[in-house]
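K.L.:
below is the structure, and that's it, no one-letter string:
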């Protein structure tokens, strides 16, 4: 195949002009350019790098209506979502510009020389974080802007000082190409080498494989399926020089409804749960695919309200026919599982849409069958009923790593909440109380990550300012002259804004 | 085999009592205990955790003379080194106690709620680092104290809040067991569960394999051979839940002698180089196995002085017969390499000792033959002569990842130094000027790490206070009540010493 076309999500039909499929040879050229641009790009002063990120945001806004049209046609998601996600994407770039300017990510450390120390003098040692090198970014299907071409991984890698080569998601090539044009214009206007940002397109896995295996690439950011993330990780580990892969893969995001909360507002929670479940056709990494309840007052009302909501749900356009088919398949597997009871089903989906479905089972059955804990990407969820708080904790100890865990509780539930908290900390990246996991705030204290298989690397996040750390590594400088030291580690830099750990003491000026 | 005995390095003969070999069943029991102790240990307040680290240091000092005797007998290293390394080991524990008390490693972040924000309110989000879980530590042969049972990995993992299971190095089982007794006493005296620290011994690889594969183990710290590190990494990646392996493996630590330095002090540098090369029988990860020089004035004097020093060197006891044999084998391979010229050889080694050897080649030949760049663990080094600064940079671009790079220079060499610095930053963890790489200061700004194959993870260090980060992962808390929040994230904690990033602004109190 040498060309491919964008598919409109709602119709499943091709639209727009054909795209030339990039080849492995194109990958090699792009990665060599990225490698060649690395030292130049990372040497930019922080203000220039920050302004470049803001320029990208400006160029994305300047794309105007054609971007919104491409987004809604390709994803089947509504205009409001498109505009919101564009705002989030640009806000993210501006947040990283701020992070770059503040310089905290450099983690500057200085241990001054102690020439008179006995038995041996201490040399002058200084440390900073440097970018790891060119980064390969794989866009996600479900956030054509915020987790794709100019999404969180691209923003954080560019902020860290890494050139980026994006493998554009084939489900939204027009959206991706418009964004790539915006970034490319920002690169050119800032007078940077074109290797700082490059965009490759094509529907095959071959392209992504070649990208991860290219020796210039030093890290990978990926959001997508478990199979895809694991395949890229295997390729990255088999390289002559293995590299880290940050793959955000799958999660079912347990929602715990504790007894007093269930008693006080079972019906209202059941209704609100369906709202979170069905938002965006359930196509969120943080979709609540698992509800954990304890037998008792209010549970019937919760189940009735949730069942009612799901039964009344209209099918929604899914991102691609492939995703709709995978969703239908996942639902069919759960429905055929003898240990699971189907308690509600909305109007059925089609080749391009998905309908909501709700299942119910017991903790005992859930723990005995791993298949019930597998992610079904879409608006399907399983309510698991536990006999008591002890069984709830046992169940939580048995689940896989997750992006989030949610606790619905009243003050009187605090003892149970406190008892499960240590388990939740070991299992998830974000714990939230009396909310729904589908909102992921872009801020400094966000963790969008979690233990395997939620991600391949629980030490990091793909959303929020902490994400810059994943593309950095420390370098120590011993006894370098002031002129050879990186500018931010020179004595003369002590007056500026970046915090420093001097002899173990944090100084912020 | 159910028992094994310690071998005296100098004689190659067994001494002391027999040790019972631990079995894979022992590994499972130990790891289950470590898993069970994790939530208790990590919940300790920072002061208690810090005091526990200091108590370990006190108990190690209280071991007194038997520890020094065991160390020198088992390693063949002299008493001064034993005492120095004991001081370093205890100093390291005390440094981490200080790091724990200061709380910076928690990376506290708070984004306060914005209930009135439009279009959506912002929830209250707070973030801290938590320990990853029980850590398996593999002690190194060449630092029976500082990189072994109570070495850097154990100290940083315990500081992070992780229980530790050590696979003691079979080359120093008496030393290791004494240290384990000291730590176990500190655990008991502090009233902690015994799962916080455990020590397993045995000469086989089976034990280590079982340890890395145990589902309770969440990270691995290793210092040793490339083959060993890669084998453990493969096991860790093949687990149902893959875990990070921090393996510090091999390096040849290039030493660049720039033209003006060579001219000004070629002979003195040649002599000093031999001192670094032969220290501790060359058994350092940071041993200078590669000298990079440019043709010109002073080079002959450097080569003559280095050759003279090596020729006069006496053989030294190596850590084990296996290491002595591997060293002899590595030297023989280099000597047989037609592209390499042997320019000096000290008095030959034996079954238990190694003699120094010095080789010479050209940059062109070195770049054409990867075998010349392989680590030979011991006092063997290769001088590579480059035609000019351009060839030096080309050579540096071609070398593998390293722990260190050293530049010997005068002020007039600054242009060349500045030209190669970006390359060195991409290749190594520590860059030093006008010193020798064999000294590794334990401080805040140290990086003892570097790109593959120096380590399996260049994002971290195994020496210095930054090492605590490798055993941490972030967790985000959304809308938790003050009483459910971890103490250090509560509003009431704002007055204490741990710095916080509040709405993106660093506050240190």
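P.N.:
It's in. This is a predicted model, so every value here is computed, not measured. Numbers count the residues shown, from 1 in each chain, chains lettered A, B, ... in the order given.
K.L.:
how about the residues of the stretch 101-250 of chain A near chain B?
P.N.:
A:102, A:104, A:107, A:109-111, A:119-120, A:122-123, A:125-127, A:130, A:132-133, A:237, A:241-242, A:244 (C-beta under 8 Å from any C-beta of the partner chain). All C-beta spots, glycine's among them, are computed from the backbone N, C-alpha and C.
K.L.:
near residue A:370, how many other residues are there?
P.N.:
Residue A:370: 11 surrounding residues under other C-beta atoms under 10 Å in any protein chain shown.
K.L.:
break down the stretch 101-250 of chain A into its strands, ranges please.
P.N.:
A:108-111, A:125-131, A:135-138, A:164-167, A:197-200, A:219-223, A:245-248 (DSSP state E, counting those that start in this stretch).
K.L.:
export those strands as a markdown table, with columns for mean pLDDT.
P.N.:
Shown next, in a markdown table, are the strands of the stretch 101-250 of chain A (pLDDT from 0 to 100):
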| stretch | mean pLDDT |
| --- | --- |
| strand A:108-111 | 97 |
| strand A:125-131 | 98 |
| strand A:135-138 | 98 |
| strand A:164-167 | 98 |
| strand A:197-200 | 98 |
| strand A:219-223 | 98 |
| strand A:245-248 | 98 |
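K.L.:
want to throw those strands into CSV with mean neighbour count and distance to residue B:172?
P.N.:
Shown next, in CSV, are these (neighbours: other C-beta atoms under 10 Å in any protein chain shown; distance: least, C-beta to C-beta, whole Å):
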stretch, mean neighbour count, distance to residue B:172
strand A:108-111, 24, 30
strand A:125-131, 24, 29
strand A:135-138, 29, 42
strand A:164-167, 27, 47
strand A:197-200, 25, 52
strand A:219-223, 27, 37
strand A:245-248, 26, 37
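K.L.:
got the contact list for residue A:217?
P.N.:
A:31, A:34, A:133, A:134, A:135, A:136, A:165, A:211, A:243 (C-beta atoms under 8 Å, 6 or more residues apart in numbering or on different chains).
K.L.:
how about a cut-off of 10 Å?
P.N.:
Taking C-beta atoms under 10 Å, 6 or more residues apart in numbering or on different chains, we find residue A:217 in contact with A:27, A:30-31, A:34-35, A:132-136, A:162-163, A:165, A:210-211, A:236, A:239, A:241, A:243.
K.L.:
filter these down to the ones in helices?
P.N.:
Members of those lying in helices (criterion: DSSP state H): A:27, A:30, A:31, A:34, A:35, A:210, A:211, A:236.
K.L.:
please identify which pair of those lies farthest apart.
P.N.:
For these, the maximum inter-member distance is 17.5 Å, found between A:30 and A:236 (C-beta to C-beta).
K.L.:
neighbour-wise, which of those two wins?
P.N.:
The residue with more neighbours, out of residue A:30 and residue A:236, is residue A:30; 27 against 22, by other C-beta under 10 Å.
K.L.:
could you give the bridge partners of the spatially closest residue to that one that is not a sequence neighbour?
P.N.:
Excluding its sequence neighbours, the residue lying closest to residue A:30 (C-beta to C-beta, 6 or more residues apart in numbering or on different chains) is residue A:198, at 4.4 Å. Beta-bridge partners recorded for residue A:198 (DSSP bridges): residue A:165.
K.L.:
from what I see, residue A:198 and residue A:135 are in contact.
P.N.:
No - applying C-beta atoms under 10 Å, one finds residue A:198 not in contact with residue A:135, separated by 11.2 Å.
K.L.:
what residues sit buried inside the helix or strand of chain A with the lowest mean pLDDT?
P.N.:
Across the helices and strands of chain A, mean pLDDT, DSSP states H and E gives its lowest value to strand A:505-507, namely a mean of 90. Neighbour-count burial for strand A:505-507, counted by 16 or more other C-beta atoms under 10 Å in any protein chain shown, picks out residue A:506.
K.L.:
contacts for that strand next, please.
P.N.:
A:108-110, A:494, A:499-501, B:102, B:104, B:444, B:497-499, B:506, B:508.
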